[in-house]
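1. Sequence unavailable; structure follows:
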């Protein structure tokens with residue numbers, strides 16, 4: 001099993017360009033796995049973790065409802081945002097400047113073959129990172145992602161998640177609001193969940209801005225421990 005994970009910070013990059021890059025890495029891992037099975041060999045499969053910040057974009061998962069996007073394409077254009085229907089699970093999500101977006105492209109055969117556990121580990125990575133900032137975050141039953149004040153009228157989401165997996169290879173991932181412009185969430189019903197708010201780390205801490213690199217470093221520390229991974 002290869003527990004090495006190559007980490008790349010792509011900086012600010014268009015969603016479609018990053019999606020294509022994910023797909024290429026995903027396909028390469030699948031091809032190695034298929035060859036291993038077909039030829040009875042055991043070539044090592046690579047693992048990747050991409051960090052990226054996207055310009056304003058809305059994405060709709062394969063099981064999502066377009067009605068959860070509350071504006072038309074003309075209004076999106078006015079806001080400088082794009083829209084894509086994509087191949088992950090989950091409903092509608094917003095990505096934009098001020099978020100730390102993480103895309104783990106892993107062969108779970110190198111770690112554990114359990115998608116439920118994988119999602120819980122992603123959530124735990126974020127929960128532990130928020131704890132480093134003095135915030136008590138948690139999970140909301142039946143709603144993937146990370147929340148604050150779970151189970152109260154003030155519950156608000158701070159991190160959205162949606163993944164795709166095939167033959168235990170993952171792609172897509174999580175979007176943690178760090179310095180996000182929360183006004184963009186008003187154009188949709190976040191993740192298709194009505195009546196709950198959205199927040200950002202800087203808002204919760206009462207700070208103008210938090211360095212994204214600082215948050216990434218904390219995420220990497222917890223991710224490596226949970227997955228028992230060797231980050232490169």
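-> In hand now; what should we look at? Because the structure is a prediction, the values reported are computed rather than measured.
2. In its sheet, which strands sit next to the strand ranked longest in the chain, and in what direction?
-> As assigned by DSSP state E, the longest strand anywhere in the chain is strand 156-166. Strand 156-166 pairs in its sheet with strand 143-148 (antiparallel), strand 169-177 (antiparallel), strand 197-198 (parallel), by DSSP bridges.
3. right, and these - which one's nearest residue 11?
-> strand 169-177 (15.7 Å; CB to CB). All C-beta spots, glycine's among them, are computed from the backbone N, C-alpha and C.
4. what would the strands paired with strand 156-166 look like in TSV with distance to residue 128 and mean pLDDT?
-> Converted to TSV, the strands paired with strand 156-166 look like this (distance: least, CB to CB, whole Å; pLDDT from 0 to 100):
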stretch	distance to residue 128	mean pLDDT
strand 143-148	10	89
strand 169-177	12	96
strand 197-198	21	88
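5. for the ones you listed, which one ends up most surrounded?
-> strand 169-177 (a mean of 25; mean count of other CB atoms under 10 Å).
6. Distance from that strand to the middle of the chain?
-> 2 Å (CA atoms, centre = their mean, to the nearest Å).
7. isn't residue 224 right next to residue 217, touching?
-> No. With contacts counted by CB atoms under 8 Å, residue 224 stays clear of residue 217, the gap being 10.9 Å.
8. Show me the residue sitting in the middle of this protein in space.
-> In the chain, the C-alpha nearest the mean C-alpha coordinate belongs to residue 174, at 1.2 Å (CA atoms, centre = their mean).
9. can you pull the contacts of it?
-> Shown in contact with residue 174 (CB atoms under 8 Å, 6 or more residues apart in numbering): 101-102, 122, 125-126, 145, 159-161.
10. Residue 217 belongs to a helix, doesn't it?
-> Yes. Residue 217: assigned to a helix according to DSSP: H, G, I helix; E, B strand; the rest coil.
11. Run a quick neighbour tally on it.
-> Residue 217 has 12 neighbouring residues, counting by other CB atoms under 10 Å.
12. That one and residue 210: what is the separation?
-> According to CB to CB, to the nearest Å, residue 217 and residue 210 sit 12 Å apart.
13. now residue 181
-> The spacing between residue 181 and residue 210, counted by CB to CB, is 14 Å.
14. more neighbours, the two?
-> Set residue 181 next to residue 210 and count neighbours by other CB under 10 Å: residue 210 wins out with 17 against 14.
15. In the protein, spot the helix with the most residues.
-> As assigned by DSSP state H, the longest helix anywhere in the chain is helix 15-39.
16. If we go by neighbour counts, what in whichever helix or strand comes after it is buried?
-> Downstream of helix 15-39, the first helix or strand assigned by DSSP states H and E is strand 48-53. Across strand 48-53, burial judged by 16 or more other CB atoms under 10 Å covers 48-53.
17. which one among the residues you listed gets closest to residue 112?
-> Using CB to CB, the buried residues of strand 48-53 come closest to residue 112 at residue 49, 16.4 Å.
18. Beta-bridge partners for the closest one, please?
-> Residues in beta-bridge contact with residue 49 (DSSP bridges): residue 7, residue 104.
19. In this structure it contacts residue 10, no?
-> No. If you go by CB under 8 Å, residue 49 and residue 10 don't touch, sitting 11.0 Å apart.
20. so which strand or helix has residue 154?
-> Going by DSSP H and E, residue 154 is not in any helix or strand.
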